[in-house]
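Trainee: have a look at this fold, sequence not included:
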DNA sequence: GTCTATATCATGATAGAC
DNA sequence: GTCTATCATGATATAGAC
């Protein structure tokens, strides 16, 4: 009896994740998806109901894990701090570092999903926005509150903006380097350490984010 | 004889810019575009040849101006510096500040184009990537060189990464705040100064970018 | 649950009258 | 330059046999 045969669902999700990443949602037809998955065209509508519902499940499968993990890490940090505010670096690492560590885990979608995520978040606010809002709401609230406590001297409005900027820098870093890659020669130079490149990216991004988060307050003049 | 009647071309470009921003490239049909522009369906193919060529012109119209302006500002700064390296803040403001100042200029497309740009740069690497590479190549080279001179102690590779991160934060800031707006209550609070909000955003973003650009170097351990 | 075959529709593009 | 009418294509979704 091996594995119970819900294989089809998984195969469709994997193919869709990959193809959405490569060509975008609109440009990916259900024929492409079912073709790559090796299943029948009608299977998508049987298992998911529609193409849009399929896309939602593609994201939900990964985001459920990510957000649970983010909350778990934050709970852990706060328990250990015993009521004292966390350091900004801890919070940033818990939120964005957890995201980046997904990239190293192929079972969690690896870079494929992360790049898809980065691209989708910038895209037209479409159907995915609602899902994000629903999924992220409590997590973002918790992390915002932690940042407020960690940076009592920074106006809350400023923190929210900087959180937003950090999201953008991270999305871009993840979404792939296509825009600059063409202009830059880093790809050839970087070929040697493609394994540890995720770790390098993480270290680089973290120091950038923290530098921005703790920058001197802007002067409105 | 009034205005010579190339009105149609402009109307199509304006409508396409607006609709691409609102719904994305794929989801915007030529019937929608010509409908909003008040011109005939066949006019797009007559004037531009194809939908894809139209999209390229939508970007080219704005980017030609933006990149020329960026070069002009950099030339000006370097002439004034008389061989001495520029300050990082000057370079960042010349590159990203010029971009943000487009948002205040309705004749240059204003926020509409800027949001479209922010969204498209994150999207699937499609046809627009080639145009960007062609348009941006010399400008990015010039700015990279200026940053190298301004930050001689920072490894060049690190500068390139941070430039990339800055692009991401800026794209996101521009592309609109949809993702966080739902979670945050800043919209109601911010209603009062919708005029000067562009100036506030610019000041906030600039201090964030500079903080990140000058952050302590990451430790790879 | 899975597949074949098909219904229904919207799209980008073009030919040709004016 | 502008319009109408239309073509060819590829999309999602579904009905019904197995």
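Mentor: Thanks, I have it. The model shown is predicted, which means the values in this text are computed figures rather than measured ones.
Trainee: longest helix in chain A, please.
Mentor: Ranked by residue count, the top helix of chain A under DSSP state H comes out as helix A:51-81.
Trainee: what packs against it?
Mentor: In terms of contacts (3 or more CB pairs under 8 Å, 6 or more residues apart in numbering or on different chains; DSSP states H and E), helix A:51-81 is packed against helix A:7-23, helix A:88-92, helix A:98-103, helix A:110-122, helix A:126-150. C-beta here means a position set from N, CA and C on the backbone, and glycine is covered the same way.
Trainee: could I get these as a markdown table with distance to DNA strand D, mean pLDDT and mean neighbour count?
Mentor: Shown next, in a markdown table, are the helices and strands packed on helix A:51-81 (distance: least, CB to the nearest atom of the strand, whole Å; pLDDT from 0 to 100; neighbours: other CB atoms under 10 Å in any protein chain shown):
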| stretch | distance to DNA strand D | mean pLDDT | mean neighbour count |
| --- | --- | --- | --- |
| helix A:7-23 | 10 | 93 | 19 |
| helix A:88-92 | 38 | 98 | 21 |
| helix A:98-103 | 27 | 89 | 19 |
| helix A:110-122 | 16 | 79 | 22 |
| helix A:126-150 | 11 | 83 | 17 |
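Trainee: select, out of these, the one closest to residue B:47.
Mentor: The closest of these to residue B:47 is helix A:7-23. By CB to CB, the value is 27.9 Å.
Trainee: what angle separates that closest one from helix A:110-122?
Mentor: 60 degrees (axes from the mean of the first three to the mean of the last three CA atoms, to 10 degrees).
Trainee: show me what the helix or strand just after helix A:7-23 is packed up against.
Mentor: Sequence order places helix A:30-37 as the next helix or strand after helix A:7-23, per DSSP states H and E. Here helix A:30-37 touches helix A:7-23, helix A:41-47, going by 3+ CB pairs under 8 Å, 6+ apart.
Trainee: return the residues of chain A in contact with DNA strand D.
Mentor: A:28-32, A:41-42, A:44-45, A:49-52 (CB under 7 Å from any atom of the strand).
Trainee: for the residues you listed, name the two members farthest from one another.
Mentor: Greatest spatial distance in the residues of chain A next to DNA strand D: A:32 and A:49, 18.6 Å, computed using CB to CB.
Trainee: neighbour count winner among the two?
Mentor: Each of residue A:32 and residue A:49 has its neighbours counted (other CB atoms under 10 Å in any protein chain shown); residue A:32 has more, 15 against 12.
Trainee: ok, the residue lying closest to that one once chain neighbours are set aside - contacts?
Mentor: Among residues not flanking residue A:32 along the chain, residue A:19 sits closest, at 5.6 Å (CB to CB, 6 or more residues apart in numbering or on different chains). Residue A:19 is in contact with A:28, A:32-33, A:36, counting by CB atoms under 8 Å, 6 or more residues apart in numbering or on different chains.
Trainee: distance of residue A:19 from residue A:209?
Mentor: 31 Å (CB to CB, to the nearest Å).
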